[in-house]
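S.K.: Quick one: sequence and predicted model below, then my questions.
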Amino acid sequence: MVEPLIEAKNITKIYKRGSETVYALRNVNLQVMPNELVMIMGPFGSGKSTMLHLLGGLDTPTEGEIVFQGEDITKWDEKRTTEYRRLHVGYIFQSWELINNLTAIENIEVPLYPTKLPTDEIRARAMRLLRQVDLYERERHFPTQLSGGEQQRVGIARALITEPNLLLADEPTGNLDSETGDIIMRMLKKLTRGGTGTVVATHDESLRRYADRVVRFLDGEIIV
Ligand SMILES: Nc1ncnc2c1ncn2[C@@H]1O[C@H](COP(=O)(O)OP(=O)(O)OP(=O)(O)O)[C@@H](O)[C@H]1O
Ligand SMILES: [Mg+2]
């Protein structure tokens, strides 16, 4: 039997805002298999981003476990969690937050700078990715010299350079026209077929056709 790549077990996440208590997630269970693209859909404020943050080790649940390749990541110390975030997880956000004084190719390389990989190996990987996202000959452009869609693709290449097992995409097409959005989604689909587990959070119903499975969130709970 194939084991899930990652599994959220009975997750509850409570945020406290002053005297107010917000249940961002309530008893959520979610499994992602390798080679599977799971799409989390739901309205504003339903807990989609919170779920991605927890899966990616960016935040810890109030209750429950996040089991990655058989280990509960919520029990890990900061060092282990940082390593997990850096090497196993690729994040794609709606706001790609590129570093403005670095070129496209350097932005893609950033996640590998702290590693011991030789710089020519890092450059070779980044160039390969640049071609994959169809940005060949844009490597010396700075983010401000790229269109929104191009910046988004640099962000995606950056998320992929560590060859992550888990890809987390939060509204990856949110700022893009539908044609560029399709290119991005097809790319995510292809990567998933190549072996990653992918979770896409969106409220765009038109992306549903790219999902292997759709999970619907409402007010922090999964609805069937
Ligand atoms: N850091 C935080 N502090 C307090 N409340 C938070 C925090 N982050 C999220 N929340 C609350 O938790 C709930 C879920 O938020 P979340 O961002 O996960 O929703 P979402 O489904 O991603 O929404 P959107 O579609 O707008 O991105 C919301 O009510 C939100 O206000
Ligand atoms: Mg969100």
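M.R.: Perfect, thanks for sending it. Ligands and ions are numbered 1, 2, ... in the order given.
S.K.: which residues touch the residue nearest to the spatial centre of the chain?
M.R.: Centroid-nearest residue in the chain: Leu168, 1.9 Å away (criterion: CA atoms, centre = their mean). Counting by CB atoms under 8 Å, 6 or more residues apart in numbering, Leu168 makes contact with 52, 55-56, 89-92, 198-199. No exception for glycine: its C-beta is placed from N, CA and C like everyone else's.
S.K.: in what helix or strand does it lie?
M.R.: Here Leu168, judged by DSSP states H and E, is contained in strand 166-170.
S.K.: could I get that strand in PDB with only the CA atoms?
M.R.: Only the C-alpha atoms of strand 166-170 are listed here, as PDB (Å, rounded to 0.1, in the frame of the first residue of the first chain):
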ATOM      1  CA  LEU A 166       5.600  18.600  -1.300                       C
ATOM      2  CA  LEU A 167       4.400  21.600  -3.300                       C
ATOM      3  CA  LEU A 168       2.000  24.100  -1.600                       C
ATOM      4  CA  ALA A 169       0.400  26.700  -3.800                       C
ATOM      5  CA  ASP A 170      -1.800  29.400  -2.300                       C
END
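S.K.: Name every strand pairing with it and say which way it goes.
M.R.: Sheet pairing for strand 166-170, assigned by DSSP bridges, gives strand 89-92 (parallel), strand 197-202 (parallel).
S.K.: Would you point to the one among the ones you listed that's packed deepest?
M.R.: strand 197-202 (a mean of 25; mean count of other CB atoms under 10 Å).
S.K.: Just after that one, pick out the following helix or strand.
M.R.: Later in the chain than strand 197-202, the nearest helix or strand by DSSP H and E is strand 213-218.
S.K.: if we can go back for a sec, from the chain's centroid, how far away is whatever helix or strand comes next after the strand holding Leu168?
M.R.: Per DSSP H and E, the first helix or strand lying C-terminal to strand 166-170 is helix 178-193. The chain centroid and the centroid of helix 178-193 are separated by 13 Å under CA atoms, centre = their mean, to the nearest Å.
S.K.: what inclination does helix 178-193 have with respect to strand 197-202?
M.R.: Orientation check (axes from the mean of the first three to the mean of the last three CA atoms, to 10 degrees): helix 178-193 against strand 197-202 gives 150 degrees.
S.K.: And the contacts of helix 178-193?
M.R.: Counting by CB under 8 Å, 6+ apart, the neighbours of helix 178-193 from elsewhere in the structure are 35-37, 92, 132-134, 149, 152-153, 156, 160, 167, 169, 172-173, 176, 198, 200, 204, 206-207, 210, 212.
S.K.: Can you tell me which of these are buried?
M.R.: Members of these that pass the buried threshold by neighbour count (16 or more other CB atoms under 10 Å) are listed as 36-37, 92, 132-133, 149, 152-153, 156, 160, 167, 169, 172-173, 176, 198, 200, 204, 207, 210.
S.K.: Point out the residues in the protein that sit beside ligand 1.
M.R.: Taking CB under 6 Å from any ligand atom as the criterion, the neighbours of ligand 1 within the chain are 15, 17, 22, 24, 42, 44-50, 203.
S.K.: Next, give me the two most distant ones among the residues you listed.
M.R.: In the residues of the chain next to ligand 1, the most distant members under the criterion CB to CB are Arg17 and His203, with 22.7 Å between them.
S.K.: Those two: which has the busier surroundings?
M.R.: His203 (15 against 7; other CB atoms under 10 Å).
S.K.: Find me the pLDDT at the more buried one, would you?
M.R.: At His203 the predicted local distance difference test score is 89.
S.K.: got the contact list for it?
M.R.: When contacts are counted by CB under 8 Å, 6+ apart, His203 is found next to 41-44, 48, 171.
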